[in-house]
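> Mind folding the following:
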Amino acid sequence: MNVEQALVARHSARAFLSKNVDQSLIEKILKFARFAPSGVNAQPWNVAVVSGNSKKVLDQKLMAEFDHSGKGELTYQYYPTNWIEPFKSRRIACGKLMYETLGIKREDKIGQIEQWKANYRAFDAPVVMYFFLDKNMQTGSFLDYGMFIQSIMLMATQEGLATCPQAALAEYPEIIIQHLNKNNDTQLICGLALGYEDCEHKVNQYRTDKIELEQFCEFFE
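Okay, the predicted model is just below:
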């Protein structure tokens, strides 16, 4: 698989097989992803790879908190408070496509809640990666992290694994930081579900549209 193929094949999987992922394969992915660029070569990565019993316990804590308090909050502003076009329409279309594929109707609030709750167990992926950033670092490190996480996802695709980057997994940072014994000087950026895709599950059957080159790029000579 070349880079072109990996870029096209990569998608956000939301159902995984229970098959375990060998640690040696995870190490291989990270060893290559570490070559991602970062401003002044700061390499701000701090990754926790969680699986097995540790993941089960953490999943339960996150879902219990959701049941008790509802959605948590990120420590940074990911989305705009006021959606404008064309981004608003793209956001609506994305959610509508997923729920229609799953057969969850607009009035089925319980079904929608249960589907959202699946975020907090990383869609039952056997592995979840949590990404942390020292609080001293600034906005530029978020750009660095984007390139690093994309590198992980492309490597995973090459190795026959599926992924789903999840901001939702950073909505209860205190719980995760405490569970993983992380320093309070660190900031939780997001999580990444990792595992073997359940290709038969209907949630993995749809694909979101991508805008054409002419819609986002201009050439100047």
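> what about the residue nearest the centre of the chain, distance to Y145?
In the chain, the centroid-proximal residue (C-alpha atoms, centre = their mean) is P165; its distance is 1.3 Å. Using C-beta to C-beta, to the nearest Å, P165 is found at 10 Å from Y145. For the C-beta atoms, the positions are set from N, CA and C on the backbone; glycine is no exception.
> How about W83?
24 Å.
> between the two, who's got more neighbours?
Y145 (21 against 12; other C-beta atoms under 10 Å).
> C-terminal to the longest helix seen in the chain, what's the next element?
Of all segments of type helix in the chain, defined using DSSP state H, the longest is helix 139-158. As assigned by DSSP states H and E, the chain's next helix or strand after helix 139-158 is strand 162-166.
> That following strand vs helix 139-158, what angle?
160 degrees (axes from the mean of the first three to the mean of the last three C-alpha atoms, to 10 degrees).
> which parts of the longest helix of the chain are buried?
141, 144-145, 148-149, 151-158 (16 or more other C-beta atoms under 10 Å).
> Restricting to C-alpha, output stretch 128-139 in CSV.
Extracted in CSV, the C-alpha atoms of stretch 128-139 (Å, rounded to 0.1, in the frame of the first residue of the first chain):
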residue,chain,number,x,y,z
VAL,A,128,-7.2,3.4,22.6
MET,A,129,-4.4,5.9,22.5
TYR,A,130,-4.7,9.1,24.6
PHE,A,131,-2.6,12.1,23.5
PHE,A,132,-1.3,14.6,26.0
LEU,A,133,0.4,17.9,25.7
ASP,A,134,2.4,19.9,28.3
LYS,A,135,0.3,22.9,29.3
ASN,A,136,3.2,25.1,28.7
MET,A,137,3.0,24.5,24.9
GLN,A,138,0.8,26.6,22.7
THR,A,139,-1.4,26.5,19.6
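> which one's the longest strand in this protein?
Identified as the longest strand of the chain according to DSSP state E is strand 186-195.
> just the strands in the protein please.
Assigned strands in the chain, in chain order: 47-51, 127-134, 162-166, 186-195 (criterion: DSSP E).
> which one of those strands lies closest to I104?
Smallest distance to I104 across the strands of the chain (C-beta to C-beta): 17.9 Å, for strand 162-166.
> Could I get the CA-only coordinates of that closest one as PDB?
Only the C-alpha atoms of strand 162-166 are listed here, as PDB (Å, rounded to 0.1, in the frame of the first residue of the first chain):
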ATOM      1  CA  ALA A 162      -8.600   0.800  11.500                       C
ATOM      2  CA  THR A 163      -8.800   4.000  13.600                       C
ATOM      3  CA  CYS A 164     -11.100   6.600  14.700                       C
ATOM      4  CA  PRO A 165      -9.800   9.900  16.100                       C
ATOM      5  CA  GLN A 166     -12.100  11.100  18.900                       C
END
